[in-house]
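Asker: Pasting a predicted model and its sequence here:
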Amino acid sequence: MDNYTHIIFSTSAVYLFIVIVFRIFGKTELAQLSITDLIFVLLISNAVQNAMVGPDTTLLGGLIAASVLFAINMIFKKLKFKFPGFKKLVEGEPVILIYKGVIKHQNCEKNGITEDELLQAIREHGSSEIEDIDSLILEADGNISVVSNNHKNHSIRKIKHRKVN
C-alpha cells in the first residue's frame with residue numbers, strides 16, 4: 001500500500017473511531033466545551049495525527065488527510081439527511097429528563113446528568129423550580145431545551161440557516 005493510500009485509510013479509520021467513541025461516551029460531551037473539554041479535543045487531535053499521516057509530514061500528506069476528513073464528514077451529513085436511521089445511530093435521540101415537573105432519574109443517570117446540572121439548565125432558561133418545568137430535554141446534539149409550565153419562559157434553539165447545494 002503506497003503512502004497516500006495509507007493516509008486515506010488511516011484518516012478514515014481515525015474519523016470512524018472518534019465518531020464511535022463520542023457516541024459511546026454520550027452527547028453531554030458535545031454541548032458546551034469547558035476548558036478541560038477543549039484541552040481534551042486538542043490533545044486527541046494531536047494524539048491521532050501520527051496515526052493518520054504516519055511518517056509523512058509533508059504538505060501534501062497533511063492536505064490529503066484534511067481532504068479525507070472533509071469528504072467523510074460530508075458523506076456522513078448526506079447519509080444522516082437521507083437515512084434517518086443512520087442519523088439516529090450516529091447521533092442518538094433526544095431524551096426527556098424532566099416531564100411535568102418530575103425528574104426522570106433513570107434517564108438522567110443513563111446520560112450522566114446530575115440534579116445540580118438540571119437546576120443550572122433551568123436557571124439558564126429563566127425558571128427557578130423543577131415543578132415549573134413542563135419538559136426538559138437533552139437534545140441529540142447535547143444541548144438542553146426547556147419548556148416551562150407558564151409558557152412565558154421557554155427556550156427554543158434557533159436553527160442556523162445555510163445555503164443548500
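Answerer: Yep, that arrived. Numbering: from 1, shown residues only.
Asker: Nearest residue to residue 91 in space, please, no chain neighbours.
Answerer: residue 140 (4.5 Å; Cβ to Cβ, 6 or more residues apart in numbering). All C-beta atoms are positioned from the backbone trio N, CA, C, and that covers glycine.
Asker: ok, the one you found - contacts?
Answerer: By Cβ atoms under 8 Å, 6 or more residues apart in numbering, the contact set of residue 140 is 27, 91-94.
Asker: and it, that's in a strand?
Answerer: No. Counting by DSSP: H, G, I helix; E, B strand; the rest coil, residue 140 falls outside a strand, being coil.
Asker: Break down the protein into its strands, ranges please.
Answerer: Secondary structure of the chain, counting by DSSP state E: strands at 95-99, 102-103, 133-138, 144-148.
Asker: Would you give the sheet partners of the first one, along with the direction of each?
Answerer: For strand 95-99, the pairing partners within the sheet under DSSP bridges are strand 102-103 (antiparallel), strand 133-138 (antiparallel).
Asker: now the residue nearest to residue 91: how far from residue 95?
Answerer: 9 Å (Cβ to Cβ, to the nearest Å).
Asker: what do you get for residue 75?
Answerer: 27 Å.
Asker: how about stretch 89-96: buried residues?
Answerer: Neighbour counts over stretch 89-96 (16 or more other Cβ atoms under 10 Å) mark 90-92, 95 as buried.
Asker: In the chain, what helix or strand scores lowest on average pLDDT?
Answerer: One helix or strand of the chain scores below all others by mean pLDDT, DSSP states H and E: helix 35-53, with a mean of 79.
Asker: what's in contact with it?
Answerer: 7, 10-11, 13-14, 17-18, 29, 33, 61-62, 65.
Asker: Now do stretch 138-154, average pLDDT.
Answerer: Taken as a whole, stretch 138-154 carries a mean pLDDT of 74.
Asker: Can I get that stretch in PDB, CA atoms only?
Answerer: The C-alpha coordinates for stretch 138-154 follow below in PDB (Å, rounded to 0.1, in the frame of the first residue of the first chain):
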ATOM      1  CA  LEU A 138     -31.400  16.600  26.400                       C
ATOM      2  CA  GLU A 139     -31.200  17.000  22.600                       C
ATOM      3  CA  ALA A 140     -29.200  14.700  20.400                       C
ATOM      4  CA  ASP A 141     -26.600  17.400  19.900                       C
ATOM      5  CA  GLY A 142     -26.000  17.800  23.700                       C
ATOM      6  CA  ASN A 143     -28.000  21.000  24.100                       C
ATOM      7  CA  ILE A 144     -30.800  21.200  26.600                       C
ATOM      8  CA  SER A 145     -34.300  22.500  25.700                       C
ATOM      9  CA  VAL A 146     -36.600  23.700  28.400                       C
ATOM     10  CA  VAL A 147     -40.300  24.500  28.300                       C
ATOM     11  CA  SER A 148     -41.900  25.900  31.500                       C
ATOM     12  CA  ASN A 149     -45.500  25.500  32.600                       C
ATOM     13  CA  ASN A 150     -46.200  29.200  32.300                       C
ATOM     14  CA  HIS A 151     -45.000  29.200  28.700                       C
ATOM     15  CA  LYS A 152     -43.500  32.600  29.200                       C
ATOM     16  CA  ASN A 153     -40.200  31.000  29.900                       C
ATOM     17  CA  HIS A 154     -39.400  28.700  27.100                       C
END
